[in-house]
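**Q** give me a 3D structure for the following:
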Amino acid sequence: MVNPKRKNIKKYIIYILLGLMIIGNTTLVFNKSIWYDEVYSLNLVKGNFAQIVSGTAQDVHPPLYYLILKLGLLIGNGLFGINVIYVAKFVSIIPIFLTVIINHYWVRKWLGEGIWLHSFCILAMPRIMSHAGIEIRMYSWAGLFVYMAFLFAVSILSDGDRTGRWVGLALTALAASYCHYFACIAAFFIYLGLFTGLLIQRRGAKSIMSNNVLIMV
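**A** A predicted model of the protein is given here:
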């Protein structure tokens, strides 16, 4: 039998490590070093929202991330005068923090207390934190929307086929698709997996009903 005190100690250690990682990852924002693609992002969002949409029509990437970035800059730089690069990098790290919050309030019902270890592993992935999490590009937002679309699909399969979950899936899949074209491919496979799962469930239900009818006869 697991000692409750030892179990709590392990849980608190994960909490502390998770908090330290969030603080440590946030400090990575305060670095003015950027590269060509990030310069392109900052140049594109110098225009208004209509100009951003028009500009992305000539680019390979959809406009949603740039619109989010523009909004973030209007608040952080426009209202508070914070350095543009710091604000832009912070905008990219927001989805990482939102993932931790989503895990706590949503995914926890499936994973229990193990959700903190799950969040810790996400923050510990160097590709996410040292690249996507602080780069002035759309990757972290696209990843967040894909993750949320996946969770809506899981909810439909595990908790029931409800309108709200379908709407959530459609909105997050669209948001992912309008952030990055690779995220659009991911959204397609989420739908494919969902419809496959629903088909298997319904065939299983029909099989159970047929067997019950045969038993009754």
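**Q** which residues touch the most centrally placed residue in the chain?
**A** Note on the chain: the residue nearest the mean C-alpha position is Leu144, at 1.3 Å, using Cα atoms, centre = their mean. Shown here is Leu144, whose contacts under the criterion Cβ atoms under 8 Å, 6 or more residues apart in numbering are 95, 98-99. In short, each C-beta sits where N, CA and C put it, glycine included.
**Q** which strand or helix spans Gly204?
**A** Using DSSP states H and E, the element containing Gly204 is helix 181-216.
**Q** cool, and Pro95?
**A** Using DSSP H and E, Pro95 falls within helix 84-102.
**Q** so which residues of this protein form strands?
**A** Read by DSSP state E, the chain holds no strands at all.
**Q** quick one, domains of it?
**A** Here the domain parsing of the chain from automatic domain parsing is 1-137, 138-217.
**Q** in CSV, list these along with mean pLDDT.
**A** Putting these into CSV (pLDDT from 0 to 100) gives the following:
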stretch, mean pLDDT
domain 1-137, 86
domain 138-217, 85
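**Q** circling back: the helix holding Pro95: how far from the chain's middle?
**A** Distance of helix 84-102 from the chain centroid (Cα atoms, centre = their mean, to the nearest Å) equals 11 Å.
**Q** hmm, back to that, tell me the spacing between the residue nearest to the centre of the chain and Asn103.
**A** In this view, Leu144 and Asn103 are 12 Å apart by Cβ to Cβ, to the nearest Å.
**Q** what's the answer for Gly204, then?
**A** Going from Gly204 to Asn103 by Cβ to Cβ gives 30 Å.
**Q** over to Leu123?
**A** Note on Leu123: its distance to Asn103, by Cβ to Cβ, is 11 Å.
**Q** and if you look at Leu67?
**A** As judged by Cβ to Cβ, Leu67 and Asn103 stand 26 Å apart.
**Q** which one's more surrounded, these two?
**A** Comparing Leu67 with Asn103 by neighbour count (other Cβ atoms under 10 Å), the higher total belongs to Asn103, at 19 against 16.
**Q** list the contacts for the more buried one?
**A** Asn103 is in contact with 111, 115, 118-119, 122, counting by Cβ under 8 Å, 6+ apart.
**Q** any idea how far Gly114 is from it?
**A** 10 Å.
**Q** same thing with Ile94?
**A** Ile94 is 25 Å from Gly114, by Cβ to Cβ.
**Q** so how far is Trp116 from the residue nearest to the centre of the chain?
**A** Counting by Cβ to Cβ, the gap from Leu144 to Trp116 is 19 Å.
**Q** how about Phe30?
**A** Counting by Cβ to Cβ, the gap from Phe30 to Trp116 is 26 Å.
**Q** okay, helices next: where are they in the protein?
**A** Taking DSSP state H as the criterion, the chain contains helices spanning 4-27, 36-44, 49-56, 64-73, 84-102, 108-111, 115-124, 126-127, 139-159, 163-177, 181-216.
**Q** buried ones in the fifth one, by neighbour count?
**A** Translated: helix 84-102. The neighbour-count check on helix 84-102 (16 or more other Cβ atoms under 10 Å) flags 84-85, 87-93, 95-97, 99-100, 102 as buried.
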